[in-house]
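>>> Predicted model follows, preceded by the sequence.
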Amino acid sequence: MKVLFLVPPDTLSIESSVPDQLEKRKEFRQRLGLLSVAAHMEQATGVRPQFVDISVLGNTYRCLEDELELLPDPDVVGLSVLTFNMLDARQTARMVRARFPRAKIVAGGHHATLYPRETLGLPEIDYVVSGEGERVFTRLVNELRERGDSPRAEVLDAIGGLGWKDGGKPRFNPIKDEGVDFDALPAPAHHLIDLTKYNNVLARQAHTASVQSSRGCPAACTFCDIRKTKFRARSPENVVRELKALAELGTRDFFFVDDTMTIDRRRVLAICDLIVKEKLEIEFKISSRTDTISPEVVAALKRAGCYRIHYGVESVTPRLLRYLEKGSTPERVRRAFKITREAGIQTYAYMMIGIPTETREEMWASVDYVTKALKADYAQFSILTPYPKTALYERMLQDGIVSHDYWQDFAVDPQPGFKVRFWNKDFTEDDLRTLQDEAMRRFYGRRDYIVNELRKIRSMGELVTKARVGARVLLPRIMRAVDRATAAFEELRGGTFVPPAPGPRNLAGLRTPVSAHAGGDGS
């Protein structure tokens, strides 16, 4: 049994609400969900899979084609599918089908969980894994290894979260909450990848590793896709064991991708104490809610090597915070930033503009708030976007702000022409993009800010990164022109472009290229 885990190139991602200045400086993080599924399958079955991440090997469809040519014929191919990479995932599945017509293609990830029927309805997909994928995928592989092209229906019926085609007819099993013991799961299969190829924006070192110590978030933020989900965590010993193993491989800079790492105060304090006790000498950044931070927690984080905390602030206007069901207040946020700053830890504020009923004056008040009151080291101003199946999206559908379920349309028939909508009746999309650019310039264009950032630089790599981001912030129109010229040049020399959708057989000879552990769902 040969199993291949495949990360598609990132060339067709649908438009983001993140500022262009940051979107163009994309991170390359390990796909922790897919690596976790791979590790569990390898441990349970003894089958050593192959893991090919095209996004860090060249990030083009020519690169994908070349890699597929070198691979032995796989029996099973696992793909992680997010809504934003659905186009790339589908194009990749087409190429896999053309190159390996007998392989079973399995789609997992958050999109497959939100839209299992629609994903299975795509002709390129044979199986869908919904929810946390470690056990589901492993059970499917075991059955396919034993029975090949004739898996037993009664066995497939017993695998919760699995979708498959029975004589062309789609069948689905509900997701089973089996109370996964995260400490019993193996660490993500980092031995299958080259860790030096991964990085995070504004990281301190040349390469970084992502770690997830928990899943779920009990908060009620309406724009979030894991709203009111059960918080489940790995033990401090388990987390530090993974950090130690990665440090021994040469990685010293980490990003904890937990949505809110600090929910359990005792656990985060224990993790910090163990990092110090083991003398790991690492650096890391985390994300947190402002209501789960205290002087004791930030002091422990600082001792352990934490250099930045990312906070979801969104707005300074209480009315808008209530609309988003943030459960926070400007005063509580200000306190969290103050104690973080006093502990010597940098802060990163996630802000939103374009919240329904938000006025232009309220947007600028939020910019002033994060700049003057919070004194954040970094800020990101995203345009509020109702994402699929979120409470915010459902509410805006009910209120008539969103005219129809256009995410559903995309899930049924994902096409390259799809465009994210902001659905704001008071501002056009161009208005919001202009306001977003201005918010970024107001925050990052301050003379004292630029001087302070230059003083913090510790390496040439950090200087280059900050210079690129700074140019995009302060000269967005010029940099967009540069991007267009670069894209044209890349197309001429065989780089990346959006291809037509040829039939599967044509793809076999295609020579012209085309760009929740995250819940253990294969993301």
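Here it is on my side, so go on.
>>> make it CA atoms for all contacts and neighbour counts henceforth
Fine.
>>> how many neighbours does the residue lying closest to Arg421 once chain neighbours are set aside have?
In space, Arg421 comes closest to Thr385 once its chain neighbours are excluded; the distance is 7.1 Å by CA to CA, 6 or more residues apart in numbering. Residue crowding around Thr385 was assessed by other CA atoms under 10 Å; the count is 21.
>>> and stretch 276-284, which residues are buried?
Val276, Leu280, Ile282, Glu283, Phe284 (16 or more other CA atoms under 10 Å).
>>> circling back to that earlier point, distance-wise, check the residue nearest to Arg421 relative to Arg241.
38 Å (CA to CA, to the nearest Å).
>>> With respect to Pro188, which of the buried residues of stretch 276-284 is nearest?
The nearest member of these to Pro188, counting by CA to CA, is Phe284 at 18.2 Å.
>>> Quick check: which element contains the closest one?
Phe284 is part of strand 283-288 when elements are defined by DSSP states H and E.
>>> For that strand, name the packing helices and strands.
strand 253-256, strand 306-314 (3 or more CA pairs under 8 Å, 6 or more residues apart in numbering; DSSP states H and E).
>>> Format the ones you listed as a markdown table; extra columns: mean neighbour count, mean pLDDT and distance to Arg145.
Formatted as a markdown table, the helices and strands packed on strand 283-288 follow (neighbours: other CA atoms under 10 Å; pLDDT from 0 to 100; distance: least, CA to CA, whole Å):
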| stretch | mean neighbour count | mean pLDDT | distance to Arg145 |
| --- | --- | --- | --- |
| strand 253-256 | 22 | 94 | 35 |
| strand 306-314 | 22 | 96 | 44 |
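>>> May I see the ones you listed arranged in TSV, with distance to Arg335 as well?
Listed next are these as TSV, based on distance: least, CA to CA, whole Å:
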stretch	distance to Arg335
strand 253-256	23
strand 306-314	12
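>>> for the stretch 151-300 of the chain, what are the low-confidence residue spans?
178-179 (pLDDT under 70).
>>> coming back round to it: the strand holding Phe284 to strand 306-314, inter-axis angle?
Counting by axes from the mean of the first three to the mean of the last three CA atoms, to 10 degrees, strand 283-288 lies at 20 degrees to strand 306-314.
>>> mind listing what strand 283-288 pairs with, with the direction of each?
Strands that pair with strand 283-288, judged by DSSP bridges, come out as strand 253-256 (parallel), strand 306-314 (parallel).
>>> so for stretch 428-441, what's the average pLDDT?
Taken as a whole, stretch 428-441 has a mean pLDDT of 93.
>>> any idea how far it is from the chain center?
24 Å (CA atoms, centre = their mean, to the nearest Å).
>>> Nearest to Pro356 among the buried residues of stretch 276-284?
For those, the nearest to Pro356 is Phe284 (35.1 Å; CA to CA).
>>> residues touching that closest one, list them.
Asp253, Phe254, Phe255, Phe256, Gly305, Cys306, Tyr307, Arg308 (CA atoms under 8 Å, 6 or more residues apart in numbering).
>>> what residues are up against the fifth one?
Applying CA under 8 Å, 6+ apart to Gly305 gives the contacts Glu281, Ile282, Glu283, Phe284.
>>> repeat that with 10 Å
Gly305 sits next to Asp253, Phe254, Cys272, Ile275, Val276, Leu280, Glu281, Ile282, Glu283, Phe284, Lys285, Ile345 when contact means CA atoms under 10 Å, 6 or more residues apart in numbering.
>>> The first one too?
For Asp253, the contacting residues are 199-200, 203-210, 243, 246-247, 281-285, 305-307, taking CA under 10 Å, 6+ apart as the criterion.
>>> Please report how far Arg215 lies from Lys389.
19 Å.
>>> Mind checking which of these two has more residues around it?
Arg215 (23 against 16).
>>> Give me the phi and psi angles of that one.
phi -130, psi 150 (degrees, to the nearest 10).
>>> Can you name the residues bridging to it?
Going by DSSP bridges, Arg215 forms beta bridges with Arg232.
>>> isn't it right next to Asp259, touching?
Yes: counting by CA atoms under 10 Å, Asp259 is a contact partner of Arg215 at 7.6 Å.
>>> what sits against Leu432?
By CA under 10 Å, 6+ apart, the neighbours of Leu432 are Ile353, Gly354, Arg360, Ser382, Ile383, Leu384, Phe422, Asn424, Asp426, Glu438.
>>> how many other residues sit next to the closest residue to Asp225 other than its chain neighbours?
In space, and not counting its chain neighbours, Asp225 is closest to Thr390: 5.4 Å by CA to CA, 6+ apart. Neighbourhood size, Thr390 [other CA under 10 Å]: 17.
>>> And the one 10 residues further on, by the same measure?
Each residue near Gly400 was counted by other CA under 10 Å, and the total is 10.
>>> what about the helices in the stretch 51-200 of the chain?
61-70, 86-99, 110-114, 116-120, 133-147, 153-157 (DSSP state H, counting those that start in this stretch).
>>> Reformat the ones you listed as CSV; add distance to Phe410 and mean neighbour count.
Formatted as CSV, those follow (distance: least, CA to CA, whole Å; neighbours: other CA atoms under 10 Å):
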stretch, distance to Phe410, mean neighbour count
helix 61-70, 22, 18
helix 86-99, 9, 23
helix 110-114, 11, 23
helix 116-120, 9, 23
helix 133-147, 24, 20
helix 153-157, 28, 13
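>>> and of the ones you listed, who's closest to Val268?
helix 133-147 (25.2 Å).
>>> taking the mean pLDDT, what do you get for that closest one?
Mean predicted lDDT for helix 133-147 stands at 93.
>>> Likewise for stretch 40-52?
95.
>>> in a helix, that's where Leu12 is, yeah?
No: applying DSSP: H, G, I helix; E, B strand; the rest coil, one finds Leu12 to be coil, outside a helix.
>>> Please tell me how far it sits from Lys165.
27 Å.
>>> Fine by me, we can end here.
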